[in-house]
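*Asks:* Predicted model, plus sequence, below.
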Amino acid sequence: MTRRDGNRVAVVIALCLGAFARAAPPPPNSYAPVDDRETFDATKARLEKDKAAANAAFQKLLGDRYDLSDKPVPGLTSSGRNKPIQGGVRVKLPKGVAGWVELAAMSPEELKNKDLFPAGFLPLPHDKHAEGGMLFPKSSIDRIKAQEGRDLKRFDVDYGLPERFLPEFPPAIYLTTRSDLGDVSRGQLVTLTNYYELFNGVLNPKQLEGFRLLLTPMMQQQFNATGDRRSERPSQGVACLDCHVNGHTNGATHLVGDIRPQNHRRRIDTPTLRGLNIQRLFGSQRALKTVEDFTEFEQRAAYFDGDPVIATKKGLTVLERGSQVHFMSELEELFDFPPAPKLNLIGLLDPSKATEAEQRGQALFFGKAQCGACHPAPFYTDNLMHDLKTQRFFKEKEIEGRLTSADGPIKTFPLRGIKDSPPYLHDSRLLTLEDSVEFFNLVLGTKLTEPEKSDLVAFLRVL
């Protein structure tokens, strides 16, 4: 072989190695790129083109998993706005399984080997899991835009869960300090445009300032002024109470900021702030022990997906701990649970007010159903973390960008006022209380009968 031939071979080998290097997937990286890889207009055009397909994929996933039809429970409405509450088991049974009793009779190993764990019990992906980020229901987007002129609509994906399965909007506000006033929101969505008019004379000056700060937009990963945002126009950002609407929740979703890589990150449903004063663990992994810690942490990293580098790029707001953080936290801890007229002073049913079904449900809750082990009265939380080990029931697989892996430890949320806070579990995978009862009946192996399940749901609805 001549020297020229040798040089040609070396060039070919070098080109092949270069192509291989380019084709190889990048190594795992905890950091998002800080530099913009394309212009905003190019990003927007590309993602807008893919939006319909992203929305359709998530709707297909929902349709495969759930019965999404409108089936409100007769006579049952939310505490403040009398919104009809959806009922019935909405998770679809696997093909070939006749009913929930048959399914619950199978062992975890059998369900896993036969791939019979219901799809609706698997982790629910974000509406666009590869992208993630804050995503708001249309009702919130429309009302905030009308009242403040801010637009929380994303150009790459829309919120997919039907609003009939979400909490009432806008929700009522109950205060621990002024229970005599009932709903102090007067039916309004509280924003910077009306908070002072509504609460001047009801709250003290510190709490009023805390309210203002909780309603003040701050730069966030998808809503900011940089070129890699997901809002059409440069944005002022997102306020705490854009998700925790009126101190409750609107069902807005996000991905946890403290897990990598992306397909392991969990969808999170916005939890209510009602009853925050009795809670002791905060953050998606409950690593924060006070609401003050959480309030400060949100601005330093969690708003930016657990990434302080990106936070600096997009506009970090550092809150002053001794005043601003304290004022916000003091206000947050005033949001109370809705009234529960059938409960006595220690959070149990008053027999003179409860139906027989509700009383049977209470006995099941603290007995055969084992709910009371993690949800003791009066607030129905033990303020701990529990691992349900749901991975016993299914084989790992990726669904719309989300790896269906172990959930790990999850927080015991308070069940007081639970009928007002659909959907359920930390990632919204359970649309109704009936779904929740079927899920835990299977996971805990409690073997409840159909009448027992009905009684248990009746009790949950009066908490």
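*Replies:* That came through fine. The structure presented is a predicted model; accordingly, all values stated were derived computationally and were not measured.

*Asks:* Wait, Val91 touches Leu124, no?
*Replies:* No. With contact defined as Cβ atoms under 8 Å, Val91 does not reach Leu124; the gap is 11.1 Å. C-beta here means a position set from N, CA and C on the backbone, and glycine is covered the same way.

*Asks:* quick one, what contacts Arg429?
*Replies:* 120-124, 423 (Cβ atoms under 8 Å, 6 or more residues apart in numbering).

*Asks:* neighbour-wise, which of those leads?
*Replies:* Leu124 (30 neighbours; other Cβ atoms under 10 Å).

*Asks:* Secondary structure element holding that residue?
*Replies:* Using DSSP states H and E, Leu124 is not contained in any helix or strand.

*Asks:* got a list of what it touches?
*Replies:* 267, 402, 427-429.

*Asks:* Give me the subset of those residues lying in strands.
*Replies:* Among the contacts of Leu124, the members falling in strands are 267, 402 (criterion: DSSP state E).

*Asks:* Which two among the contacts of Leu124 are spaced furthest apart?
*Replies:* Across those, no pair lies farther apart than Arg402 and Ser428, at 12.5 Å, counting by Cβ to Cβ.

*Asks:* Now do the shared contacts for those two.
*Replies:* In contact with both Arg402 and Ser428: 124, 267, using Cβ under 8 Å, 6+ apart.

*Asks:* out of these two, which sits in the more crowded spot?
*Replies:* Arg402 (24 against 19).

*Asks:* Surely the more buried one touches Asn263?
*Replies:* Yes. Using Cβ under 8 Å, Arg402 is in contact with Asn263, at 6.2 Å.

*Asks:* Mind jotting down where the strands sit in the protein?
*Replies:* 72-77, 84-86, 253-255, 267-269, 385-387, 398-399, 402-403, 409-411.

*Asks:* Need the winner for burial among those strands.
*Replies:* Of all these, strand 253-255 carries the top mean neighbour count, a mean of 25, counting by mean count of other Cβ atoms under 10 Å.

*Asks:* ok, Asp382 - contacts?
*Replies:* Neighbour list for Asp382: 374-376, 412 [criterion: Cβ under 8 Å, 6+ apart].

*Asks:* which non-adjacent residue is nearest Gln59?
*Replies:* The shortest distance from Gln59 to any non-neighbouring residue, by Cβ to Cβ, 6 or more residues apart in numbering, is to Gly160 (6.0 Å).

*Asks:* now swap in Tyr303 and tell me
*Replies:* Distances taken as Cβ to Cβ, 6+ apart place Gln220 nearest to Tyr303, at 4.8 Å, with adjacent residues excluded.

*Asks:* which ones are touching that neighbour?
*Replies:* 134, 237-238, 303-304, 314.

*Asks:* State the distance from it to Phe282.
*Replies:* Look at Gln220 and Phe282: by Cβ to Cβ, to the nearest Å, they are 18 Å apart.

*Asks:* which one of the contacts of Gln220 is nearest Leu152?
*Replies:* Nearest to Leu152 out of the contacts of Gln220 is Val238 (Cβ to Cβ; 7.0 Å).

*Asks:* so that closest one bridges to which residues?
*Replies:* Beta bridges link Val238 to Met218, judged by DSSP bridges.

*Asks:* who's in contact with it?
*Replies:* Here Val238 is in contact with 134, 152, 217-218, 220, 223, 303 (Cβ under 8 Å, 6+ apart).

*Asks:* Equivalent analysis for Glu110, please.
*Replies:* Taking Cβ under 8 Å, 6+ apart, one finds Leu116 in contact with Glu110.

*Asks:* let's see 7 Å
*Replies:* By Cβ atoms under 7 Å, 6 or more residues apart in numbering, no residues touch Glu110.

*Asks:* ok, now Lys342?
*Replies:* Here Lys342 is in contact with 349-350, 353-354, 462 (Cβ under 7 Å, 6+ apart).

*Asks:* And His326, by the same measure?
*Replies:* Glu292.

*Asks:* what does the model give Phe282 for pLDDT?
*Replies:* Note on Phe282: pLDDT of 88.

*Asks:* where's it relative to Asp70, distance?
*Replies:* For Phe282 relative to Asp70 (Cβ to Cβ), the value is 35 Å.

*Asks:* Of these two, which one has the most company?
*Replies:* The neighbour comparison of Phe282 against Asp70 (other Cβ under 10 Å) goes to Phe282, with 21 against 9.

*Asks:* buried residues in the lengthiest helix in the chain?
*Replies:* When the chain is parsed with DSSP state H, its longest helix is helix 40-65. Within helix 40-65, the residues that count as buried by 16 or more other Cβ atoms under 10 Å are 43-44, 47, 54-55, 57-59, 61-62, 65.

*Asks:* Stretch 124-140 too?
*Replies:* By 16+ other Cβ under 10 Å, the buried positions in stretch 124-140 come out as 124-129, 131-137, 139-140.

*Asks:* One more: stretch 190-198?
*Replies:* Those would be 190-192, 195, 198, for stretch 190-198 by 16+ other Cβ under 10 Å.

*Asks:* Name the nearest of the residues you listed relative to Phe439.
*Replies:* Val190 (33.4 Å).

*Asks:* and the closest one, backbone torsions?
*Replies:* Val190 adopts backbone torsions of phi -80, psi 120, taken as degrees, to the nearest 10.

*Asks:* got the contact list for the nearest residue to it once chain neighbours are set aside?
*Replies:* Excluding the flanking residues, the one nearest Val190 by Cβ to Cβ, 6+ apart is Asn246, at 5.5 Å. Asn246 makes contacts with 170-171, 173, 185, 189-190, as judged by Cβ under 7 Å, 6+ apart.

*Asks:* what does the model give Asn246 for pLDDT?
*Replies:* Looking at Asn246, its pLDDT stands at 98.

*Asks:* again with Gln285
*Replies:* On the pLDDT scale, Gln285 is placed at 69.

*Asks:* Ala23 too?
*Replies:* Value for Ala23, per-residue pLDDT: 58.

*Asks:* Ok, the one 3 residues further on next?
*Replies:* The confidence metric pLDDT takes the value 76 at Pro26.

*Asks:* Please apply the same query to Ile346.
*Replies:* Taking Ile346 on its own, its pLDDT is 98.

*Asks:* What separation do you get for it and Glu358?
*Replies:* According to Cβ to Cβ, Ile346 stands 16 Å off from Glu358.

*Asks:* quick one: which of those two has more around it?
*Replies:* Comparing Ile346 with Glu358 by other Cβ under 10 Å, the one with more neighbours is Glu358, at 22 against 7.

*Asks:* residue contacts, that one?
*Replies:* If you count contacts by Cβ under 7 Å, 6+ apart, Glu358 has them with 349, 458-459, 462.

*Asks:* let's see it at 8 Å
*Replies:* Taking Cβ under 8 Å, 6+ apart as the test, what Glu358 contacts is 342, 349, 455, 458-459, 462.

*Asks:* just checking, which of the residues you listed belong to helices?
*Replies:* Those of these lying in helices (DSSP H): 455, 458-459.
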